[in-house]
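Trainee: the sequence isn't on hand, but the structure is:
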């Protein structure tokens, strides 16, 4: 037999072996499937399929380099970084309700949309903090409640993962603020109640009492007027519990008028005119 004939037979046998191998794989229910995602990426699946040809159990390869093991019978996806998801899946993506346990110890349970944490859900963080509310792409967006490990709590609106809009913050020491926020800072009108009994109601600018407001001390003294830098600054009215009233100008928390002959200057300030109202 010529060399050419032997080579041809060898090639033919190799082709038959490869074909038989692929046929065996096919008959065993093993498939390769590639799914394009709406975000422009893809997910590759290699593993067993069901009688309809849909993925059942196998390995996932994501366009960002992440890999995972999927078991559609239990709705479980175990990622190469240690994260584990159990819940509803659509086109191999987390979609619907489910629970995602992160390798860091954080746990999210709630709604997913096309592999993103979007909808209503609950985050339990490894440090003891808990957030329950609206999320978009994994960040707080909408209305929710955040409870810190020390017992402090915020209930209200969020935007781009920050307190933004109207809300109420309650500190573990008993003080509280209810009003407007902008990018995590008290900004706009609000009411701050201090743990010592003092109350401020009025305007804030970037976490600082600024503009018009009213401060009531626990001992009954009140000031109503202009504030700047957390202190009485500008025109205002100070009232003592005994009924004495001073109307005029203040600077850095103090009265700035000249006393008349035989008249002592009243002292304003209550228990704490420089309290900054917290930093939350």
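Mentor: Sure, I can see it. For clarity, every value in this text was computed on a predicted model and none was experimentally measured.
Trainee: low pLDDT regions in the stretch 151-280 of the chain?
Mentor: The model of the stretch 151-280 of the chain has pLDDT under 70 over residues 257-280.
Trainee: which residues in the stretch 51-200 of the chain form strands?
Mentor: Using DSSP state E, counting those that start in this stretch, the strands of the stretch 51-200 of the chain run over 55-62, 67-71, 76-79, 84-90, 93-101, 107-112, 119-124, 130-136, 139-147, 153-159, 162-170, 176-182, 185-193, 199-205.
Trainee: now those strands in CSV, please, with extra columns for distance to residue 42 and mean neighbour count.
Mentor: Backbone N, C-alpha and C define where each C-beta goes, glycine included. Formatted as CSV, these follow (distance: least, Cβ to Cβ, whole Å; neighbours: other Cβ atoms under 10 Å):
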stretch, distance to residue 42, mean neighbour count
strand 55-62, 8, 18
strand 67-71, 13, 17
strand 76-79, 16, 18
strand 84-90, 15, 17
strand 93-101, 11, 18
strand 107-112, 18, 20
strand 119-124, 24, 17
strand 130-136, 23, 19
strand 139-147, 25, 17
strand 153-159, 32, 19
strand 162-170, 33, 19
strand 176-182, 40, 20
strand 185-193, 42, 20
strand 199-205, 48, 19
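Trainee: let's have these in TSV, adding distance to residue 217.
Mentor: Below are the strands of the stretch 51-200 of the chain laid out as TSV (distance: least, Cβ to Cβ, whole Å):
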stretch	distance to residue 217
strand 55-62	60
strand 67-71	60
strand 76-79	56
strand 84-90	53
strand 93-101	49
strand 107-112	44
strand 119-124	39
strand 130-136	35
strand 139-147	30
strand 153-159	26
strand 162-170	21
strand 176-182	17
strand 185-193	12
strand 199-205	8
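Trainee: appreciated, that's everything.
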